[in-house]
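Peer 1: following is a predicted model, sequence given first.
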Amino acid sequence: MTAREISDLRLKRAYDPPSSEDGVRILVDRLWPRGLRKDEAAIDLWLKELAPSDELRRWFGHDPNRWDEFRRCYLDELSQRSDLVKDLRERVRERRHTLIFAARDELHNQAVVLRDLLAE
């Protein structure tokens with residue numbers, strides 16, 4: 001998939017208001033975002049199976065100093081779920097999608113890793 005083919009793949013925090021510009025909103029967290037009502041989130045699909053494992057998520061703790069190792073470990077986990085990644089890759093070719101995540105850090109989270117993987 002080329003960068004052009006995923007040009008309509010976006011990232012957005014779960015706590016930011018939904019927009020008609022988001023297209024299909026896919027939550028890629030293992031846990032539902034704390035304090036967010038389902039009707040407020042406007043999530044179309046929840047792919048918790050593609051989220052980092054609980055063990056990896058807890059170890060990372062959104063510490064930027066652990067980013068490179070987290071990224072490597074998460075990509076390893078995703079390689080074990082290649083069928084789900086393939087399905088998502090096919091899906092995002094169809095129309096605009098937004099990967100939704102709860103982390104405060106918009107540069108160091110699983111949605112960034114997943115987007116980059118889909119762009120390869």
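Peer 2: Structure's in. What do you need?

Peer 1: next, the buried residues of the helix or strand containing residue 72.
Peer 2: Using DSSP states H and E, residue 72 maps to helix 67-79. Within helix 67-79, the residues that count as buried by 16 or more other CB atoms under 10 Å are 67, 70, 71, 73, 74, 77, 78. (Each C-beta comes from the backbone N, C-alpha and C, glycine too.)

Peer 1: please apply the same query to stretch 51-71.
Peer 2: For stretch 51-71, by 16+ other CB under 10 Å, it's 51, 52, 56, 57, 60, 67, 70, 71.

Peer 1: between those residues, which is nearest residue 10?
Peer 2: Residue 10 has its nearest neighbour among the buried residues of stretch 51-71 in residue 51, at 17.8 Å by CB to CB.

Peer 1: give me the nearest residue to the closest one, chain neighbours excluded.
Peer 2: The shortest distance from residue 51 to any non-neighbouring residue, by CB to CB, 6 or more residues apart in numbering, is to residue 30 (3.8 Å).

Peer 1: in a strand, that neighbour, correct?
Peer 2: No: read with DSSP: H, G, I helix; E, B strand; the rest coil, residue 30 is coil and lies in no strand.

Peer 1: I'd assumed residue 46 was in contact with it.
Peer 2: No: here residue 30 lies out of contact with residue 46, judged by CB atoms under 8 Å, at a distance of 9.7 Å.

Peer 1: so what's the residue in the chain sticking out farthest from the centre scoring on pLDDT?
Peer 2: Ranked by distance from the centre of the chain (CA atoms, centre = their mean), the top residue is residue 65, with 20.1 Å. On pLDDT, residue 65 comes in at 97.
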